[in-house]
Every structure is written in structure tokens, then in C-alpha cells.
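> need the 3D shape of this:
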Amino acid sequence: MNKEISTPFRTKEILSKHGFTFKKSLGQNFLIDSNVLTKIVDQAKLSPNSGAIEIGPGIGALTEKLAKQAKKVVAFEIDQRLLPILEDTLSPYPHVHIRHSDVLEADVRQVIEEEFEEGQDLMVVANLPYYVTTPILMKLLEEKLPVRGIVVMIQKEVAERIAAKPGSKEYGSLSLAVQYHAVAKTALTVPKTVFVPKPNVDSSVLHLELRQEPPVDLLDEAYFFEVIRASFGQRRKTLLNNLQNNLLSKEQKPMIEEVLQETGIDGTRRGETLSMEEFAALSNAFYSRKNETKKTP
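Numbers count the residues shown, from 1 in each chain. This next block holds a predicted model:
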């Protein structure tokens, strides 16, 4: 009978057999707790017809769990040294395909078209390296891929920032950037003790359910995010200060005050107290003014 990859003994055995050493630069931390892996996969709610996309399969512990539930699993692995190990550990699962590439440079949409059936239920499920969590998540979200959702294990502090609500100290531009594309919630906390090597901090499993439609109506999406970044430029400063220092200029203070009054937003508030709807109202009002100014002869 096939022994699970995810047990501490089996992990040690695999690493020893292949003489594998961890590369700190790749943020490699392998999970050695079968129960945690089962909980991660449960979050994805896969059916026997679902497809799963994994990033950084390591030696295949999570991949194996996905393979037992999904019709097909495609995993992106950047580390060439892991390819023969994965070929060995995942040999009982012919419906798993490993792609040797950096997901940040890959054309994920094209991979989906090549590997999965059109309209197939798809989920991204991964234990992401801490150092590239945000760029990977933003790439997956901004490319508006045909996936139902994303379940990822990431640094606990980053998961809290992503799922944060207005008014909390964790809430910021990252919360808004992710929540614009998806409904975010933290599903479970994972202690650092269930990894090898042990990281310095605990992790959390983040569940992102992709939105079919944006949650707010915008005149310009890029400008909306510009306004958000400016509003969080210096967290201790008021909204009015941040907007005149980071988005517009001190000379435009009267116009900024007019827009704040028009949108019913108090300029003495701080960025972290504004909801996404309030940021949308602000950015639409500023964007309209900007275009009016351009039209004025």
C-alpha cells in the first residue's frame, strides 16, 4: 500500500533517498502533517470532475491529497532538483502533470487551456513560499483566470492583512487589492511546528472566492488603486494630508476639500477607516475632475 508522502518519517525518507537539501532562497518549507493537508484540500471543495492547480509542490505531499480528489492536477515547480523526486513520489497518480516553470513568468491562462477541459471547475490550491506570496496572488487575481477560487497557505500576518476589515490596524492597500477581486477569509491557523524546516512564524490558510463582478463601479480601475495607495502613503497622516502629498498637490487642497465634501467623507479620517465603496466614490470624483480639467481650454 502506498504510504502517504506527508508523514514526518516518509518525508525524511524521500529527502534522504534523493539527497535533497533545502534552498533558503526558494522559501522551501514542506508540510509534514496529513491532517492539516486534508483540511486545506477540504477548503477547496473539489468534486471528482474538478481540476486543481498547485504552485510549488515540493515533494508532492499536498499534490497527493489533491490527486485523490480531483480529476486532474497541474503543478508549477521552479526547482529542477525536485522534478525527479516528484516523478518518483507521484508515480501512482498519472493524472498529475508537473510543469517546470516559475508561475510568475508562466502564461497560466494558456496552461489552463492546454491542460483542462473548457468550463471545468478549477481551483488553485497551494502552500506558497512566503517571499513571493503577494506577487503570485496578485498575478492570479489580475489575470482574471477561469478559476472558482484560491486556497493558499501563507504567512499568518499576511493572511490577516488580506482578509482585514476597515478600521483594523491590519487593513490596508493589500486588503483592498485582493478584496476587489475576491471574497477573502482566513480558514485555519497552521503552527510552524508542522513544517520542515521549521519557519520563524505561523501560517494561515486563506480562502479566496473569486468575484464574478467587481464589488464597486469605477470610472477607472488603475486610478482607483492609485487613490488607495496614496491614502495609505503615511498611515498616521489624515486622508487630506495623504491625498495632497501623494496623489495631487498642496495647491489643489481646495479641490480636494470640495471632493471630500461632495462624497461626504471627512478629510481628518485616516485611510484605514474607509470602506471600498468610499474609496470608489473618492476615486470616481477625482477622476471626473481630472478629465474636466483636461477638457477646459
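> what is the longest helix along the chain packed up against?
In the chain, taking DSSP state H as the definition, the longest helix is helix 276-295. Here helix 276-295 touches helix 173-181, helix 221-231, helix 253-263, going by 3 or more Cβ pairs under 8 Å, 6 or more residues apart in numbering; DSSP states H and E. For the C-beta atoms, the positions are set from N, CA and C on the backbone; glycine is no exception.
> was I right to think A187 contacts S203?
No: the pair A187 / S203 is not scored as a contact, 11.3 Å apart, by Cβ atoms under 8 Å.
> neighbour count for those two, which is higher?
Between A187 and S203, S203 has the larger neighbour count (other Cβ atoms under 10 Å), namely 27 against 17.
> tell me what the more buried one is bridged to.
Counting by DSSP bridges, S203 forms beta bridges with Q155, V190.
> shouldn't it be in contact with T186?
No: S203 is not in contact with T186 according to Cβ under 8 Å; the separation is 10.3 Å.
> now list whatever residues contact both of the two.
Residues touching both S203 and T186 comprise A159, with contact defined as Cβ atoms under 8 Å, 6 or more residues apart in numbering.
> name the helix or strand for the residue nearest to V178 when sequence neighbours are not counted, please.
Sequence neighbours aside, I162 is the residue nearest to V178 in space, at 4.8 Å (criterion: Cβ to Cβ, 6 or more residues apart in numbering). Taking DSSP states H and E as the criterion, I162 maps to helix 156-163.
> what's near enough to touch Q43?
V125, V151, A187, V205, H207.
> the same query, at a cut-off of 7 Å, please.
Q43 sits next to V151, A187, V205, H207 when contact means Cβ atoms under 7 Å, 6 or more residues apart in numbering.
> so what touches the host helix or strand of the last one?
Spelled out, it's H207. Taking DSSP H and E as the criterion, H207 maps to strand 203-210. Applying Cβ under 7 Å, 6+ apart, the contact partners of strand 203-210 are 40, 43, 147-156, 159, 162-163, 178, 181-190.
> mind listing the strands for this structure?
Remark: strands assigned in the chain by DSSP state E are 30-31, 51-55, 72-77, 96-100, 122-127, 149-155, 182-190, 195-196, 203-210.
> mind putting these in CSV, distance to A230 included?
Formatted as CSV, these follow (distance: least, Cβ to Cβ, whole Å):
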stretch, distance to A230
strand 30-31, 39
strand 51-55, 31
strand 72-77, 34
strand 96-100, 38
strand 122-127, 31
strand 149-155, 26
strand 182-190, 23
strand 195-196, 38
strand 203-210, 25
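> count of neighbours near the closest residue to N241 other than its chain neighbours?
Closest residue to N241 apart from its sequence neighbours, by Cβ to Cβ, 6+ apart: Q234 at 7.6 Å. The number of residues packed near Q234 is 13, by other Cβ under 10 Å.
> neighbours of V259, just the number please.
22.
> distance of P135 relative to T7?
To T7, P135 is 32 Å away according to Cβ to Cβ, to the nearest Å.
> avg pLDDT for the helix holding I162?
The pLDDT scores in helix 156-163 average 97.
> so that helix versus strand 182-190, what angle?
Relative orientation of helix 156-163 and strand 182-190, computed by axes from the mean of the first three to the mean of the last three Cα atoms, to 10 degrees: 160 degrees.
> in the least confident helix or strand in the chain by mean pLDDT, what counts as buried?
Lowest on mean pLDDT, DSSP states H and E among the helices and strands of the chain sits helix 276-295, with a mean of 89. Neighbour-count burial for helix 276-295 flags M276, E278, F279, A280, A281, L282, S283, N284, A285, F286, Y287, R289 (criterion: 16 or more other Cβ atoms under 10 Å).
> again with stretch 132-146
Quick answer for stretch 132-146 (16+ other Cβ under 10 Å): V132, T133, T134, I136, L137, K139, L140, L141, L145.
> pretty sure L260 sits against T268.
No: using Cβ atoms under 7 Å, L260 is not in contact with T268, being 9.6 Å away.
> contacts for stretch 243-262?
Residues from elsewhere that reach stretch 243-262, judged by Cβ under 7 Å, 6+ apart: E226, V227, A230, S231, G233, L240, G267, L282, A285, F286, R289.
> now it: buried residues?
Neighbour counts over stretch 243-262 (16+ other Cβ under 10 Å) mark L243, Q244, N246, L247, L248, Q252, M255, I256, V259, L260 as buried.
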